[in-house]
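>>> Pasting a predicted model and its sequence here:
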Amino acid sequence: MNTRLLTGGGLTIAVVLFFTVNVLSHVVFRSARIDLTEQRLYTLSEGSKNILQGLDEPVTLRFYLSKKLAVELAGIRGYTNRVLELLQEYEQAAAGHLILHVIEPEPFSEEEDRAVGYGLRGVPIDQGNAQFYFGLVGTNATDDREIIPFFQQSREEFLEYDLTKLVYRLANPKQKIVGLLSTLPLDGGPQMPFPQQAADGGQPWMIMDSIREVMEVKVLDKDVTDIPEDVDVLMVVHPKRLGETTLYAIDQFVLRGGRTVVFVDPHSEADRVLPNPQNPMGMQGPRSSDLGPVFDAWGIELVDGKVVGDLPLAKRVNFQKEGRMMVTDYPVWIDLKPRQFNAEDVVTAKLPNLTLASAGILHKKEGSEIEWTPLVETDEQAMPIEAARLQFMPDVEGILRDYQPGNETLVLAARLTGKVKTAFPDGRPPEEEADKPKEPETAKGDKQTEQRQHVAESAEPINVIVVADTDMLQDRFWVQSQNFLGQRIAIPTAANNDFVTNALDNLTGSHDLISVRNRGNFVRPFTLVRAIQQEAEARYRQKEQALQQRLKDTERKIQDLQRRKEDQTTIILSPEQQAALEGFRQERVATRKALRNVRHELQKNINSLENVVKFLNIGLMPLVIAVGGVVLGAWNMRRRQRGQ
């Protein structure tokens, strides 16, 4: 049989079959692949399919790719193939309503000129004039245009969302309007309500970029007396010291059916106040916010003066101690995982993680008839911590030392639905001088409308999302930004922006983008390692505290003896006292050494644990396969020897 196969004719047939099968498989299974990732990151989601299948008018995508140059760039070649294959899947799923053109912009060609004219960015790859293009231009029937200037490989896990968002915006060119009422400088500029308060460099927070990707933003004055009619959803951030007429405007907007998301805080770390010589006590002012009577009418409350501490979810932070930088858990800054999110609500169902800082606690008031749905909750071991402890420089070690685990979860964000009554039964409150607008405008670009009729009770169930944290909107808690050719590129470390845009999308009725946006997982920590590490740190922290106390006692004794010697120069220390002084000094040296050993031993144990985990995840499987191969080979060899 083997002899016949090796004849010339048989060999020719085998070669032809080999090439035929390869060509057919390349054509038939060109885009076929198996997705083995836990969250199906490489499978077109239902949300994308719904948006593509719902296209009423054609959308044209022009994919500019320098293919010849990509062949030379081993690091990015695979990603260019991934983008092209996904675009081809989009074209197939749209059933004729999406037209894909793949264009190679040769140097100094008309295609390159068009790419530059569209706003795409070429990257120089050598000393010559060659530019590498890797971007996308989308247009619709009315010549609206959306672009991705350059596909950043660092955003690969967000690739489907970026593409689907581009198609969605072309299919729905008229954006919804979000009215932003904030006393924090989310949109850049000086912080409200007082100009002496510090802003974050004057640039808009990156959360605004995420919001503007899906909606038009209308910034409202802090003393607005009526929410403009064209606002589809209201976003209230850190409502600190709002006037009654502004609270009334919020109240009436909600009662008329306006959808709203509210961010309040018992201690806003973003609410920083610069020293003011005219008001030296200003820095000690409250950094909390609340909707007061409006919350009362809704039947909820933000627990006054308390922030959440949650050691199992604590972030690792650096802090200075005795002139050295230390690393430890900070229970007030927390990283929340999917088990802390409501899996039944579309806003939080697929979120991978959130980072909150000095967040507050929300309660449903006793006797309240509001329908209360928690969206984000703490671990069962969370505890309330006095917000006053964070007013100036937080005592990180003190907070850890005093931490007492609780036995119930605490609500950090909730959805409110149901019918409610107004917080102002007597109607519109009289305007105070501070509330009266100087210009006949209630919002930037909107002329003041006539006062509307007072609404005493909502005709339909309200739909409001309340979040007990404003710091989650700050860049430092959820995103790292990179500057690429003059453009700010966001690399999220947490899904805080997704939570915000999910909430806004959901409140305005868009669901498909949510299901796409929530597919990637940014951080995959070793939770077991963290638990073991926290247990070890707690154990060593007890030893450290005992040694610290012993060191303080020793230094106090030394200071007492030295003070007696300095204050009473005529008194000479006895030999016993001198021996005691020397003994105390030696004990101080020994205690400091023991303290260093404790810290060194802790770090050594942590490093050893990390090395073991790395070996189990990286080295063990290849080793098992190698050993298995050797054993299998030896077994086959022995079997052949027996057969002979």
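Structure's in. What do you need?
>>> Against residue 229, how distant is residue 249?
12 Å (Cβ to Cβ, to the nearest Å). For glycine as for every other residue, the C-beta is placed from the backbone atoms N, C-alpha and C.
>>> And for residue 507?
With the distance defined as Cβ to Cβ, residue 507 ends up 17 Å from residue 229.
>>> Phi and psi next, for the nearest residue to residue 462 once chain neighbours are set aside.
Excluding the flanking residues, the one nearest residue 462 by Cβ to Cβ, 6 or more residues apart in numbering is residue 254, at 5.3 Å. Main-chain torsions, residue 254, degrees, to the nearest 10: phi -70, psi -40.
>>> didn't residue 254 look like it was pressed against residue 260?
Yes: judged on Cβ atoms under 8 Å, residue 254 makes contact with residue 260 at a distance of 5.5 Å.
>>> Now the common contact residues for those two.
234, 464 (Cβ atoms under 8 Å, 6 or more residues apart in numbering).
>>> returning to what we had before: looking at residue 507 and residue 229, which one has more neighbours?
Of the pair residue 507 and residue 229, residue 507 is the one with more neighbours under other Cβ atoms under 10 Å, namely 23 against 11.
>>> Now do the contacts for the residue nearest to that one when sequence neighbours are not counted.
Of all residues not flanking residue 507 in the chain, residue 259 sits nearest, at 3.7 Å (Cβ to Cβ, 6+ apart). Counting by Cβ under 8 Å, 6+ apart, residue 259 makes contact with 232, 233, 234, 463, 464, 507, 508.
>>> Just checking, which of the residues you listed comes out lowest on pLDDT?
On pLDDT alone, residue 508 ranks lowest of the contacts of residue 259, at 87.
>>> Got the domain ranges for the chain?
Using automatic domain parsing, the domains assigned to the chain come out as 46-164, 175-270+285-525, 529-643.
>>> Does anything pack onto the helix or strand where residue 136 lies? Which helices or strands?
Assignment of secondary structure by DSSP states H and E places residue 136 within strand 134-139. Counting contacts by 3 or more Cβ pairs under 8 Å, 6 or more residues apart in numbering; DSSP states H and E, strand 134-139 is packed against strand 59-65, helix 74-93, helix 110-118, strand 145-148, helix 159-171.
>>> Now these in TSV, please, with extra columns for distance to residue 549.
Shown next, in TSV, are the helices and strands packed on strand 134-139 (distance: least, Cβ to Cβ, whole Å):
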stretch	distance to residue 549
strand 59-65	66
helix 74-93	54
helix 110-118	68
strand 145-148	59
helix 159-171	53
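>>> possible to save the ones you listed as TSV with mean pLDDT and mean neighbour count?
Shown next, in TSV, are the helices and strands packed on strand 134-139 (pLDDT from 0 to 100; neighbours: other Cβ atoms under 10 Å):
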stretch	mean pLDDT	mean neighbour count
strand 59-65	97	21
helix 74-93	91	16
helix 110-118	93	15
strand 145-148	94	18
helix 159-171	90	21
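>>> tell me the angle of the strand holding residue 136 relative to strand 59-65?
With axes from the mean of the first three to the mean of the last three Cα atoms, to 10 degrees as the basis, strand 134-139 and strand 59-65 are set at 160 degrees to each other.
>>> and strand 134-139, average pLDDT?
Across strand 134-139, the average pLDDT comes to 96.
>>> Contacts made by that strand with the rest, please.
Against strand 134-139 from outside (Cβ under 8 Å, 6+ apart): 59-66, 70, 76, 80, 83, 87, 115, 118, 120-121, 123, 145-151, 163, 166-167, 170.
>>> Run me through the strand neighbours of that strand, direction for each.
Its sheet considered, strand 134-139 pairs with strand 59-65 (antiparallel), strand 145-148 (antiparallel) by DSSP bridges.
>>> Pull the distance from the longest one to the chain's centre.
The gap between where strand 59-65 is centred and where its chain is centred comes out at 30 Å by Cα atoms, centre = their mean, to the nearest Å.
>>> The shortest one too?
Computed by Cα atoms, centre = their mean, the chain-centroid distance of strand 145-148 equals 25 Å.
>>> picking that back up, out of the domains of the chain, which comes closest to residue 13?
Evaluated over the domains of the chain, closeness to residue 13 peaks at domain 529-643, with 30.0 Å, by Cβ to Cβ.
>>> pLDDT averaged over the closest one, what's the number?
pLDDT averaged over domain 529-643 gives 71.
>>> Would you tell me which strand is longest in the protein?
Ranked by residue count under DSSP state E, the longest strand found in the chain is strand 324-336.
>>> So what are the sheet partners of it and their directions?
The strands beside strand 324-336 in its sheet (DSSP bridges) come out as strand 314-321 (antiparallel), strand 354-357 (antiparallel).
>>> ranking those by burial, who's on top?
strand 354-357 (a mean of 26; mean count of other Cβ atoms under 10 Å).
>>> what's the average pLDDT for that one?
The average pLDDT within strand 354-357 is 97.
>>> C-alpha coordinates for it, CSV please?
Below are the C-alpha coordinates for strand 354-357, written out as CSV (Å, rounded to 0.1, in the frame of the first residue of the first chain):
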residue,chain,number,x,y,z
LEU,A,354,-15.4,50.1,38.8
THR,A,355,-13.1,52.2,41.0
LEU,A,356,-14.7,54.5,43.6
ALA,A,357,-13.0,56.8,46.2
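>>> Quick one: residues in contact with the helix or strand following that strand.
The first helix or strand that comes after strand 354-357 along the chain, using DSSP H and E, is strand 362-364. Residues external to strand 362-364 that are found in contact with it (Cβ under 8 Å, 6+ apart): 299-303, 370, 372, 411-414, 466, 468.
>>> neighbour-wise, which of those leads?
Compared across those, residue 413 has the highest neighbour count, 30 neighbours, by other Cβ under 10 Å.
>>> distance between whichever strand or helix holds that residue and the chain's centre?
Using DSSP H and E, residue 413 sits in strand 411-418. Relative to the centre of its chain, strand 411-418 is centred 20 Å away, using Cα atoms, centre = their mean.
>>> Same question for stretch 297-305.
What separates the centre of stretch 297-305 from the centre of its chain is 26 Å, taken as Cα atoms, centre = their mean.
>>> three-state assignment of the residue positioned nearest the centre of the chain?
What sits nearest the mean C-alpha location of the chain, by Cα atoms, centre = their mean, is residue 494, with 2.5 Å. What DSSP: H, G, I helix; E, B strand; the rest coil gives for residue 494 is coil.
>>> How about residue 459: what's its closest non-neighbour residue?
Per Cβ to Cβ, 6+ apart, closest to residue 459 is residue 257, 7.4 Å.
>>> those strands in the stretch 351-500 of the chain, which residues are they?
In the stretch 351-500 of the chain, the segments counted as strands under DSSP state E, counting those that start in this stretch are 354-357, 362-364, 371-377, 383-386, 411-418, 441-443, 446-447, 462-467, 479-484, 487-492.
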